[in-house]
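Undergrad: Structure of the sequence below:
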Amino acid sequence: MSHPIIQSMFLHCSAAVELLGEFVVDAYAVEAGLKVATTLHTASGADINIKATGGLGVDVTFGLPVKKQDVITIKSEVLTTVHERGKSEVDTAVTFTGTPR
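TA: This next block holds a predicted model:
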């Protein structure tokens, strides 16, 4: 009697890229301007089990073990920034009225 051959594979991929652009005026006592931040994110996974059934066939099982599959997510923010000398930087989100979110 031959023994079944079992192969299992789990694949989980995740990546994030953040792009940050700044347009600031740098004076001696204060630095002020705009920042634009964009983040691209992806997360997905797959679970594959392959079992050879004694030379008579192959049993393949495919699953998605990750609860939330993100093919691609894009988030973008526009901020105003002020940094006074000797104080910490203050970033404030810019909101646009009348635009869908």
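
Undergrad: any idea where the strands of this protein begin and end?
TA: 5-26, 30-52, 58-63, 70-84, 90-93 (DSSP state E).

Undergrad: Give me whichever of those strands is most buried.
TA: Most buried of those by mean neighbour count (mean count of other Cβ atoms under 10 Å) is strand 30-52; its value is a mean of 14. C-beta here means a position set from N, CA and C on the backbone, and glycine is covered the same way.

Undergrad: Return the residues in contact with the spatially most central residue of the chain.
TA: Nearest to the geometric centre of the chain sits His41, at 2.1 Å (Cα atoms, centre = their mean). When contacts are counted by Cβ atoms under 8 Å, 6 or more residues apart in numbering, His41 is found next to Ala15, Ala16, Val17, Asp70, Ile72, Thr73, Ile74, Lys75.

Undergrad: how about 7 Å then?
TA: Contact partners of His41, counting by Cβ atoms under 7 Å, 6 or more residues apart in numbering, are Ala16, Asp70, Thr73.

Undergrad: Dump these to JSON lines, plus pLDDT and distance to Gly63.
TA: Below are the contacts of His41 laid out as JSON lines (pLDDT from 0 to 100; distance: Cβ to Cβ, whole Å):
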{"residue": "Ala16", "pLDDT": "90", "distance to Gly63": "24"}
{"residue": "Asp70", "pLDDT": "77", "distance to Gly63": "17"}
{"residue": "Thr73", "pLDDT": "89", "distance to Gly63": "22"}
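
Undergrad: Relative to Phe10, which of these is nearest.
TA: Minimum distance to Phe10 across the contacts of His41 is 17.6 Å, recorded for Asp70 (Cβ to Cβ).
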